[in-house]
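Undergrad: Model the structure of this input:
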Amino acid sequence: MKVAAIQMVSVSNPDTNIQTAKRLLQQAKSLGAELAVLPEYWSIMGLRDTDKIAYAEQPTSGVLQTFLAQTAQELQMKIIGGTIPLASNDEHKIFNACLVFDENGKQISRYDKIHLFGFSHGDESYQESNTIQEGNQVVSFDTEIGRIGLGICYDLRFPELFRQMGPCSLIVLPAAFTYTTGQAHWEVLLRARAIENQCYVLASAQGGTHDSGRRTWGHSMIIDPWGKVVSRLDDGEGVVIADLDLAAMHTIRANLPALKHRRLAC
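TA: Predicted coordinates for the structure are as follows:
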């Protein structure tokens, strides 16, 4: 399967972001992608953290969900919809939700971000728990290439989340890593998740300076089960694409059966 990571520099206007996402998804399809993932917060990177609350949609209904479903059907491509704001039972918070649509435009999976980012250093400060309700369910789903596991951004720092998914062929991680933390940790953590789970990692990021002045790290990439970066895009919007070699993945697992050597009881 050929897979693609869409990198964006989302703005505060969702209509503009929808048009950008559509264009980049069409580009991914033209390059042969059968599955594409959008970045975290692709639909809105507001001037304030609270801006996204105004665009929260009810599950199965709304402009953003309709766009993802219709585009998946139109392009005949699986779309992992980065994250969009879905309503929670707290009017002051949303679920940061990753929805997956198949080639028929049917929603086949949903993951709500479990680990909420908190960071403070000098003038730079983030606290997602102020506006986001945390999820509580580990999510993976089965496809023709095997199991695909879902994580979002800050989840990357918690390897136990991905181990609970069981053996995956592909881990998908939409993100909006800050420039500060991304420069220090993004690639090494992604490569670690690929190596320890002996699977492909498809990471789709925000990559530039946004309307609020926030700067995101970018560096969307696809990593193979040996930890090699197969393809990447450093800055700006664009498409990262590569073929998944499942035979090579199975060879790695056979030669170094680390997943079978785990001894958690000890």
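
Undergrad: and the strand or helix carrying residue 149, which strands flank it?
TA: With secondary structure defined by DSSP states H and E, residue 149 is part of strand 146-150. Strand pairing for strand 146-150, using DSSP bridges, gives strand 140-143 (antiparallel), strand 170-175 (parallel).

Undergrad: Comparing those strands, which comes out most buried?
TA: A comparison of these by mean neighbour count, using mean count of other Cβ atoms under 10 Å, puts strand 170-175 on top with a mean of 28. Every residue, glycine included, has its C-beta placed from N, CA and C.

Undergrad: After that strand, heading C-terminal, what element do we hit next?
TA: helix 179-181.

Undergrad: Span of stretch 2-15 from start to end?
TA: 28 Å (Cα to Cα, to the nearest Å).

Undergrad: quick one: average pLDDT of that stretch?
TA: The predicted model assigns stretch 2-15 a mean pLDDT of 98.

Undergrad: got the buried residues for it?
TA: Counting neighbours by 16 or more other Cβ atoms under 10 Å, one finds that the buried residues in stretch 2-15 are 3-12, 14.

Undergrad: and what of stretch 225-233?
TA: Buried positions in stretch 225-233, judged by neighbour count with 16+ other Cβ under 10 Å: 225, 227, 229-233.

Undergrad: quick revisit: possible to save the strands paired with strand 146-150 as JSON lines with distance to residue 158 and mean pLDDT?
TA: What follows is those, written out as JSON lines (distance: least, Cβ to Cβ, whole Å; pLDDT from 0 to 100):
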{"stretch": "strand 140-143", "distance to residue 158": "15", "mean pLDDT": "98"}
{"stretch": "strand 170-175", "distance to residue 158": "12", "mean pLDDT": "98"}
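
Undergrad: still on that earlier bit, list the ones among the buried residues of stretch 2-15 that fall in strands.
TA: Those of the buried residues of stretch 2-15 mapping onto strands are 3-7, per DSSP state E.

Undergrad: which residues touch residue 4?
TA: Under the criterion of Cβ atoms under 8 Å, 6 or more residues apart in numbering, the contact list for residue 4 reads 28, 31, 33, 35-37, 239-241.

Undergrad: again with residue 256
TA: The contact partners of residue 256, by Cβ under 8 Å, 6+ apart, come to residue 198.

Undergrad: could you redo the last one with a cut-off of 10 Å?
TA: Contacts for residue 256 (Cβ atoms under 10 Å, 6 or more residues apart in numbering) come out as 195, 198, 225-226.

Undergrad: Of the residues you listed, which pair is most distant in space?
TA: 198 and 226 (8.4 Å; Cβ to Cβ).

Undergrad: anything in contact with each of those two?
TA: 249, 252, 256.

Undergrad: and the first one, what element?
TA: Residue 249 belongs to helix 246-255 when assigned by DSSP H and E.

Undergrad: thinking again about what came up before, for the buried residues of stretch 2-15, which one is nearest residue 48?
TA: Closest to residue 48 out of these is residue 12 (9.2 Å), distances taken as Cβ to Cβ.
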